[in-house]
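>>> Need a 3D model of the sequence below.
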Amino acid sequence: MKRNISRRELLKASAIGGAGLLLAACGGATPTPQTIVVTSEVIKEVKSTVEVTKQVNVEVTKEVQVTADPNAGPQTMTVWGSGLDLTQMDKDPSGAGAALLAHKNLFLSKHPNAKLVWEDHGWDETLRQNIVSALLAGTQPDAIVGENFFQQYAALKALLPLDDVTPPAVTDNAILGTHKAALYGGKNYGFSWISGCFGFEVNPNVLKDVGLPEQVPATWDDLLAASKTVTDKSAGKAYGYTLQGPVGFSVGGMFRLAVYMQQLGVTLNKPDQFDYPNFNDPKGQPVWEFVRKILPYTPPGLVFEPDEGKVYTQLFAGKSAHQMAGSWHVGWAKQNKLMNAMYGAVPIPTGGKPASYVVGNVIYGAMAATKVPDLAKDWVIVSQDDSVQKIVFKSTGRLPSTKSSMEALLAGTDADDATKQFGKLLKDSDLGILPQWTKEPNKLNSIWNDLFTAVLTTQTDVKQLMADAQKKAEDVLKA
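Residues are numbered from 1 along each chain as shown. Purely as a prediction, here's the structure:
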């Protein structure tokens, strides 16, 4: 069977950062070979859209054997990446590399004739550029990791659905939000093996200095009141809230405000379209109004600081009292000598609900072009096994992605109380995921950040700003 991959389909795979993961493989396991025809015009377009770092010679026609020959001998399966340092398996096999080794050893025990090639090809933009090069050259791996964009890969039929090989117990045991980004068209295309989420962080020393109770605020109103008190009474030495603002097409500020949006039932993309903007949802208006209210209680100029590290270390230094925090903040605060930081759920607006966003979340998927689909799929399933998941935190400092392992972490002594707060949030919250833009991601992110900037720097009606942003986004999609 021959399938022509159009320029539009290839460009749709472009991901955040302008150098997206381009998966142009045929989808669906089938016993017959499939041919991908890559035209010179398409290759030229890809090279102009994605910053591929090396020249790749591409044959006009590539045959991809999707199903392995059952009579074949030992089979090799190649996995790219893990989200962690693979060298730790050799450097620290009983410590930092233990979870990686557990995954590897369990897989090989189930498939003793398999040869596993597990390689580090970078992360984020570097990983995606390397995969683009490999796809064009026909040297793509069998399984891959990523933090997002699995829905767009599935839409391109570039990943294999896992439902046919996933035992019900595995599906039921997965914390849904950790692999929500891999659910598409009623099917599942991936599972998370390590995860994290957003919560809230407080420097109790700053609160104590101004006579406030040392506690995590429960509501937006509580947060506003405490932030005003800190700012008014600290005389410029400290402020109430750390607000990461809009910078170019970055998503740091978007990520944090998206948590507040999620509390009100708002997603940045249309609920039924993972790649279509939802910038003017009226339910999101209170978030922008809240941003305007809390801005006077933020450290001057910090909202436009491009260095995320500088933004969030202000709280550790006693210059800010409250901020959104990822699960890695527990260790980060201690590294910065704040030993008594407090953690809890993100304050909730009136009429809102508890919510968070997954972050630092690593998903495995099996690629449709694999010659060993059974092995590639099982690699993903093995990542969910208790023997792997229950040592994830002790080995890596990251949160597990299954319910049983999270329960064990919360009941055990490996994690401190602060980390357990994040574990509870990951287990119990309504978890959101960032949009998976398939067209002009940088422009769409910039439009959202321009909306953020206008909220911060003008007094224009928020509803009008939201409408303007939506129109600009839709104009980009029509172009």
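>>> Quick one: low-confidence residue ranges for the stretch 51-200 of the chain.
51-73, 125, 131-132, 135 (pLDDT under 70).
>>> Who are the contact partners of the residue positioned nearest the centre of the chain?
Most central in the chain under Cα atoms, centre = their mean is residue 147, positioned 4.0 Å from the mean C-alpha point. Under the criterion of Cβ atoms under 8 Å, 6 or more residues apart in numbering, the neighbours of residue 147 are 83, 181, 360-363. Where you see a C-beta, it was placed from the backbone N, CA and C, and this is true even at glycine.
>>> you'd agree residue 113 is up against residue 74?
Yes - taking contacts as Cβ atoms under 8 Å, residue 113 lies within contact range of residue 74: 4.8 Å.
>>> isn't residue 287 right next to residue 258, touching?
No - with contact defined as Cβ under 8 Å, residue 287 does not count as touching residue 258 (9.1 Å).
>>> Let me know the pLDDT of residue 332.
Turning to residue 332, the model gives it a pLDDT of 96.
>>> Can you tell me how far it is from residue 320?
Shown here: residue 332 relative to residue 320, a distance of 14 Å by Cβ to Cβ, to the nearest Å.
>>> What ranges does the stretch 101-250 of the chain have for its helices?
If DSSP state H, counting those that start in this stretch is used as the criterion, the helices of the stretch 101-250 of the chain fall at 125-137, 150-155, 168-173, 204-209, 220-234.
>>> Now tabulate those helices in a markdown table and tack on distance to residue 355 and mean neighbour count.
Formatted as a markdown table, those follow (distance: least, Cβ to Cβ, whole Å; neighbours: other Cβ atoms under 10 Å):
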| stretch | distance to residue 355 | mean neighbour count |
| --- | --- | --- |
| helix 125-137 | 28 | 21 |
| helix 150-155 | 20 | 26 |
| helix 168-173 | 22 | 13 |
| helix 204-209 | 24 | 17 |
| helix 220-234 | 13 | 19 |
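>>> would TSV of those with distance to residue 326 be doable?
Below are those laid out as TSV (distance: least, Cβ to Cβ, whole Å):
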stretch	distance to residue 326
helix 125-137	20
helix 150-155	21
helix 168-173	24
helix 204-209	19
helix 220-234	18
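>>> which strand in this structure runs the most residues?
Secondary structure of the chain per DSSP state E: the longest strand is strand 320-326.
>>> mind listing what the residue lying closest to residue 227 once chain neighbours are set aside touches?
Spatially, and ignoring its direct neighbours in sequence, residue 227 is nearest to residue 240 (2.4 Å; Cβ to Cβ, 6 or more residues apart in numbering). By Cβ under 8 Å, 6+ apart, the contact set of residue 240 is 223, 226-231, 294, 297-298, 320-322.
>>> just to revisit the earlier point, more crowded one of residue 332 and residue 320?
Higher neighbour count among residue 332 and residue 320: residue 320, with 29 against 17, using other Cβ atoms under 10 Å.
>>> give me the beta-bridge partners of that one?
Here residue 320 sits in beta bridges with residue 239, as judged by DSSP bridges.
>>> Correct me if wrong: it contacts residue 314.
Yes - look at residue 320 against residue 314 with Cβ under 8 Å: they come within range, at 4.4 Å.
>>> And for the closest residue to residue 218 other than its chain neighbours, the neighbour number?
Nearest residue to residue 218, sequence neighbours excluded (Cβ to Cβ, 6+ apart): residue 347, at 6.1 Å. Per other Cβ under 10 Å, the neighbour tally for residue 347 reads 22.
>>> Now do the contacts for residue 347.
200, 216-220, 222-223.
>>> With residue 355 instead?
Applying Cβ under 8 Å, 6+ apart, one finds that residue 355 lies in contact with 259, 262-263, 346, 429-432.
>>> what's the neighbour count on the closest residue to residue 178 other than its chain neighbours?
Among residues not flanking residue 178 along the chain, residue 192 sits closest, at 3.7 Å (Cβ to Cβ, 6+ apart). By other Cβ under 10 Å, the residues close to residue 192 number 29.
>>> now do the same end-to-end measure for stretch 322-331.
17 Å (Cα to Cα, to the nearest Å).
>>> circling back to that earlier point, show me just the buried residues among the contacts of residue 355.
Buried members of the contacts of residue 355, counted by 16 or more other Cβ atoms under 10 Å: 259, 262-263, 346, 429, 431-432.
>>> With pLDDT and secondary structure added, can I get these in a markdown table?
Shown next, in a markdown table, are those (pLDDT from 0 to 100; DSSP: H, G, I helix; E, B strand; the rest coil):
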| residue | pLDDT | secondary structure |
| --- | --- | --- |
| 259 | 97 | helix |
| 262 | 97 | helix |
| 263 | 97 | helix |
| 346 | 97 | coil |
| 429 | 93 | coil |
| 431 | 94 | strand |
| 432 | 94 | strand |
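>>> What is the nearest of those residues to residue 308?
residue 259 (15.7 Å; Cβ to Cβ).
>>> picking that back up, would you point out the most distant pair within the contacts of residue 147?
The largest separation in the contacts of residue 147, counting by Cβ to Cβ, is between 83 and 181 at 13.9 Å.
>>> who has more neighbours, these two?
Neighbour totals were compared for residue 83 and residue 181, and residue 181 leads with 25 against 20 (other Cβ under 10 Å).
>>> Provide a list of residues in contact with that one.
147-151, 190, 358, 361, 363, 433, 436.
>>> And residue 144, by the same measure?
79-81, 131, 364-365, 367.
>>> biggest separation within these, which pair?
Taking Cβ to Cβ as the measure, the contacts of residue 144 span a maximum distance of 14.1 Å, between 131 and 364.
>>> From the chain's centroid, how far away is stretch 269-286?
Averaging C-alpha positions (Cα atoms, centre = their mean, to the nearest Å) puts stretch 269-286 18 Å from its chain's average.
>>> phi, psi of residue 441?
Note on residue 441: backbone dihedrals following degrees, to the nearest 10 are phi -60, psi -40.
>>> ok, now how distant is it from residue 461?
Distance from residue 441 to residue 461, counting by Cβ to Cβ: 28 Å.
>>> Look at the two and report which has more neighbours.
Neighbours were counted for residue 441 and for residue 461 using other Cβ under 10 Å; residue 441 has more, 21 against 10.
>>> Could you list every helix and strand in contact with the helix or strand harbouring residue 475?
Assessed by DSSP states H and E, residue 475 sits inside helix 462-478. Contacts defined by 3 or more Cβ pairs under 8 Å, 6 or more residues apart in numbering; DSSP states H and E place helix 462-478 against helix 285-294, helix 441-457.
>>> Let's have these in a markdown table, adding distance to residue 414 and mean pLDDT.
Below are those laid out as a markdown table (distance: least, Cβ to Cβ, whole Å; pLDDT from 0 to 100):
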| stretch | distance to residue 414 | mean pLDDT |
| --- | --- | --- |
| helix 285-294 | 36 | 98 |
| helix 441-457 | 37 | 95 |
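>>> For residue 248, which of those helices is the nearest?
Closest to residue 248 of the helices and strands packed on helix 462-478 is helix 441-457 (Cβ to Cβ; 6.6 Å).
>>> Now do the closest one against helix 285-294, angle only.
Inter-element angle recorded for helix 441-457 and helix 285-294: 50 degrees (by axes from the mean of the first three to the mean of the last three Cα atoms, to 10 degrees).
>>> for residue 212, what are its contacts?
By Cβ under 8 Å, 6+ apart, the neighbours of residue 212 are 226, 229-230.
>>> Out of those residues, flag the one nearest to residue 373.
residue 226 (54.3 Å).
>>> pretty sure that closest one contacts residue 322?
Yes - under the criterion of Cβ under 8 Å, residue 226 makes contact with residue 322 at 7.0 Å.
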